[in-house]
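Visitor: Okay, predicted coordinates and the sequence, questions at the end:
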Amino acid sequence: MLDDRLHPRRPTRHNVLNRTNHNHPTDHSPLRLSVSSPLPPAYCPLPTAYCPLPPAYCPLPTAYCPLPPAYCPLPTAYCLLPIASPPLPPYIGLLNRLLAHADLRSWLADRAIADTSSLIAWLDAHVAERANPDGERGETRIWILSEPPSETHPGFTVYVKCYEYPRPSLKFVLRASKARCEYRNALAFQRLGIRTAEPLAWGEERDRIGRLKRAVIVTRAIPGAQPLDAIHPSRALNLAKRSVIRQLAEMTAALHRAGRVHHDLHWRNVLVQTEQDNAPVVWWIDCPRGRRVLLPSRRTRGMVRDCACLARTAITRASPIDRLRLLVCYFRAIGRNRRRDRRQMLMAMESYRTRKWPQDNPQKGN
């Protein structure tokens, strides 16, 4: 097999393909597809005379052959840049992913929404925009789209979040957008057994040089859930409090054991769903900056940041016993049983909290 790769003039009996140069319509040589070839004849881009590899290693499909025959200075085997391919549509893949869900497919068909731009325009005209907790940046818009069940489509409630950049951002030229990162993190949470809002679709709109203009993510709403910071402490019973603390600690420990960090684990991104038997269920939402960390030093820094984010709101919303119970449950789930490790973790959390949010520190008298 290695000898065939080095000497393409000697093809084997079961690895023969007489290709047609589809860039030159005058070539009408017959096509014979071998069993070992990964591409069908219609997608074979290279003519037989210029093919340096056996048919099984043919890399490029015909649809991406860039140059017409009259302007091609190189043999077809060296064509690399697709200049004749159609431009990428706005919001890549968002509408196709929405159409994969039956409830949303019928709803989009009833309103004749053919692309994502018309979807955003329809939301601007018919749905009131939700207040954004991170509105100081002025780049995130959120809509709650709720439809009751009808004869044509079942009911649904989804959240549509749009990251807008009036001036195209160079920050995301070679990086995934926040919407795409949030979609990936939600799928990673589901694989780890962490309850999170179901991600339905994501999409991006970029200009010709790859600068990000808009990014959209659609998630399914969690019925009967409230943010943890919106629940008054006096409404929760001791048993419910302990259940919420245990679930929150176990979810955070499961994330950190997998080598991932959240980077935005505030109480507003933690939802509590109360079922009929009054057993609370904890959910996570909004994780556009979470990622997997390979370096141990950076991983420890991310763990300290996540725990400090939880402790920031807990100082004013929870009692000292509840805060201690949360840390003890987290240390047991993460496997830090030594007193020295716990003391180092607590000192790092307090140092990060006082340095990151100095406005939360009590002012000492002179």
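Guide: Happy to help now that I have it.
Visitor: now the closest residue to Ser169 other than its chain neighbours, which residues is it bridged with?
Guide: Nearest non-adjacent residue to Ser169, counting by CB to CB, 6 or more residues apart in numbering: Leu212, 4.8 Å away. The C-beta positions use only the backbone N, C-alpha and C, and glycine is treated the same way. Counting by DSSP bridges, Leu212 forms beta bridges with Ser169, Arg206.
Visitor: List the contacts of the biggest helix by length in the chain.
Guide: Secondary structure of the chain per DSSP state H: the longest helix is helix 296-317. Helix 296-317 has contacts (CB atoms under 8 Å, 6 or more residues apart in numbering) with 228-229, 233, 248, 252, 255-256, 259, 261-267, 293, 322-323, 326-327, 330, 345, 348-349, 352-353, 356-357, 360.
Visitor: In helices only, show me those.
Guide: 248, 252, 255-256, 322-323, 326-327, 330, 345, 348-349, 352-353, 356.
Visitor: Report the two of those separated the most.
Guide: Asp322 and Lys356 (22.0 Å; CB to CB).
Visitor: More neighbours: which of those two?
Guide: Asp322 (18 against 12; other CB atoms under 10 Å).
Visitor: For the more buried one, list the residues it contacts.
Guide: Contacts of Asp322 (CB under 8 Å, 6+ apart): Lys241, Ile245, Ala314.
Visitor: so how far is Asp229 from the first one?
Guide: When you say that, I think you mean Lys241. Remark: distance between Lys241 and Asp229 (CB to CB, to the nearest Å) = 15 Å.
Visitor: coming back round to it: ok, of the contacts of helix 296-317, which come out buried?
Guide: 228, 248, 252, 255-256, 261-267, 293, 322-323, 326-327, 330, 345, 348-349, 352-353 (16 or more other CB atoms under 10 Å).
Visitor: Spatially nearest residue to Lys171, not counting backbone neighbours?
Guide: Leu212 (7.5 Å).
Visitor: do the same with Val127
Guide: Nearest to Val127 is Trp143, by CB to CB, 6+ apart, at 4.8 Å.
Visitor: Bridged to the one you found, which residues?
Guide: Glu129, Val160.
Visitor: ok, it to Leu123 distance?
Guide: 5 Å.
Visitor: When the two are compared, which one has more neighbours?
Guide: Trp143 (21 against 17).
Visitor: rewinding a little: mind listing what's buried along the longest helix of the chain?
Guide: 299-300, 302-314.
Visitor: same check, this time on stretch 116-136
Guide: So for stretch 116-136, counting by 16+ other CB under 10 Å, buried means Thr116, Leu119, Ile120, Trp122, Leu123.
Visitor: What are the boundaries of the helices in the protein?
Guide: 2-6, 94-99, 102-110, 116-126, 178-191, 238-257, 296-317, 320-334, 339-356.
Visitor: Is it correct that Thr196 is in contact with Trp284?
Guide: Yes: if you go by CB atoms under 8 Å, Thr196 and Trp284 touch, sitting 4.8 Å apart.
Visitor: joint contacts of Trp143 and Leu123?
Guide: Contacts common to Trp143 and Leu123, judged by CB under 8 Å, 6+ apart, are Val160.
Visitor: Could you dump the helices of the chain into TSV with distance to Trp202 and mean pLDDT added?
Guide: What follows is these, written out as TSV (distance: least, CB to CB, whole Å; pLDDT from 0 to 100):
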stretch	distance to Trp202	mean pLDDT
helix 2-6	40	45
helix 94-99	6	80
helix 102-110	14	82
helix 116-126	11	85
helix 178-191	4	94
helix 238-257	21	88
helix 296-317	23	88
helix 320-334	31	90
helix 339-356	29	88
